[in-house]
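>>> need coordinates for the below:
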Amino acid sequence: MMSRLADLAVSTTFAGSLLLANTSCATRHPDDAANLVPRSEAQAPGAQRLVQFSFGTQAAFGICVEPACPAVTPKTLSMAGAAPLQAVAHRVASTADEARESDLPTGMAPVPSPAPSAAVRPVDKAVFNIAVVFPFASAQLTPPARTALSASIRHARQSDRIVISGRTDAVGNDEVNESLALARALAVRNYLRDRVPDLAAVISIDARGRCCFVAPNETEDGRSRNRRVEMAFFSQGGG
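As a prediction, this is how the structure comes out:
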């Protein structure tokens, strides 16, 4: 009998100890449970910030605490309708206020400004041409030649440049014909200068004998056409 009473007392004491332990665990404060986590694994509370939890017409906003806030990902950017991020090289300002290359963001090269257009010089165009012929082996101006040259004075005054080309036929040697071609060109130039002393046009002489024929030299008519001086009047833009 005494043995049973002793066993019953031990069982009662053990059951009471278990009940007391369970009650103590159930009523422990949550902060005590956090203290059970090793200090190295515990996370410090983050800063609060306002974030957007959804997109579109049903967009919702709320306060979250880091690190529990949603992160921006390519998917969320696509849902929000954001365009892919691209590095855009802005046009550099004009030379007067051109930005320094060191002021540009890293990795962004300056866009060169378009080169200024070069001034286009008007092309000289011949606005008038005449030709006067000479007697055989002569550099004297005939009356018809003087009349034609006088009629060209109006064009000479309106020109910027005048080219006088002396020519000969194929009779005689090269040396004689070169001298004759030059004498004929100078005769025309002197006549023009005598009539227009204030002529501003630039006069160029092109004298070549036994050259640049306009007709065959086998006939007298052809040779007479080759004994000539041609004048070309040029003006910028053809005016």
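
>>> give me the low-pLDDT residue ranges for this structure?
The chain contains residues with pLDDT under 70 at 1-47, 50-61, 66-68, 70-126, 237-239.

>>> can you rerun that using 50?
10, 18-43, 78-79, 82-99, 101, 120, 122-123, 239 (pLDDT under 50).

>>> from what I see, residue 215 and residue 226 are in contact.
Yes - using C-beta atoms under 8 Å, residue 215 is in contact with residue 226, at 5.9 Å. Every C-beta, even on glycine, is put in place using the N, C-alpha and C of the backbone.

>>> more neighbours: those two, which one.
residue 226 (20 against 14; other C-beta atoms under 10 Å).

>>> give me the nearest residue to that one, chain neighbours excluded.
residue 169 (4.3 Å; C-beta to C-beta, 6 or more residues apart in numbering).

>>> ok, the one you found - how many residues close by?
With other C-beta under 10 Å as criterion, residue 169 counts 23.

>>> which element is it on?
Under the assignment given by DSSP states H and E, residue 169 is not contained in any helix or strand.

>>> contacting residues for it?
136, 177, 210, 213, 217, 222-224, 226-227 (C-beta atoms under 8 Å, 6 or more residues apart in numbering).

>>> ok, so of the residues you listed, who is nearest residue 196?
Proximity of the contacts of residue 169 to residue 196 (C-beta to C-beta) peaks at residue 227, which lies at 25.4 Å.

>>> separation between the residue nearest to that closest one when sequence neighbours are not counted and residue 200?
Nearest-residue entry for residue 227: residue 134, 4.8 Å, with adjacent residues in sequence omitted and distances by C-beta to C-beta, 6+ apart. As judged by C-beta to C-beta, to the nearest Å, residue 134 and residue 200 stand 28 Å apart.

>>> more neighbours: those two, which one.
Per other C-beta under 10 Å, whichever of residue 134 and residue 200 has more neighbours is residue 134, with 24 against 9.

>>> the more buried one is in contact with residue 230, isn't it?
No - Residue 134 lies out of contact with residue 230 (C-beta under 8 Å); the separation is 12.0 Å.

>>> doesn't residue 190 lie inside a helix?
Yes - if the criterion is DSSP: H, G, I helix; E, B strand; the rest coil, then residue 190 is within a helix.

>>> which parts of the host helix or strand of residue 165 are buried?
When elements are assigned from DSSP H and E, residue 165 belongs to strand 161-166. By 16 or more other C-beta atoms under 10 Å, the buried positions in strand 161-166 come out as 162-166.

>>> ok, these vs residue 182, which is closest?
residue 166 (5.8 Å).

>>> so who does that closest one touch?
Counted by C-beta under 8 Å, 6+ apart, residue 166 has contacts 180-186, 188, 205-208, 229.

>>> okay, and which of the residues you listed map to strands?
Using DSSP state E, the members of the contacts of residue 166 that fall in strands are 205-207, 229.

>>> now those residues: which count as buried?
Buried, going by 16+ other C-beta under 10 Å: 206-207, 229, out of the ones in strands among the contacts of residue 166.

>>> and which of these is nearest residue 145?
Among those, and counting by C-beta to C-beta, the member closest to residue 145 is residue 229, at 8.1 Å.

>>> quick check: beta-bridge partners of that closest one?
Beta-bridge pairing for residue 229 (DSSP bridges): residue 132, residue 166.

>>> now residue 150. Nearest residue, chain neighbours left out?
residue 195 (6.8 Å).

>>> gap between the one you found and residue 206?
21 Å.
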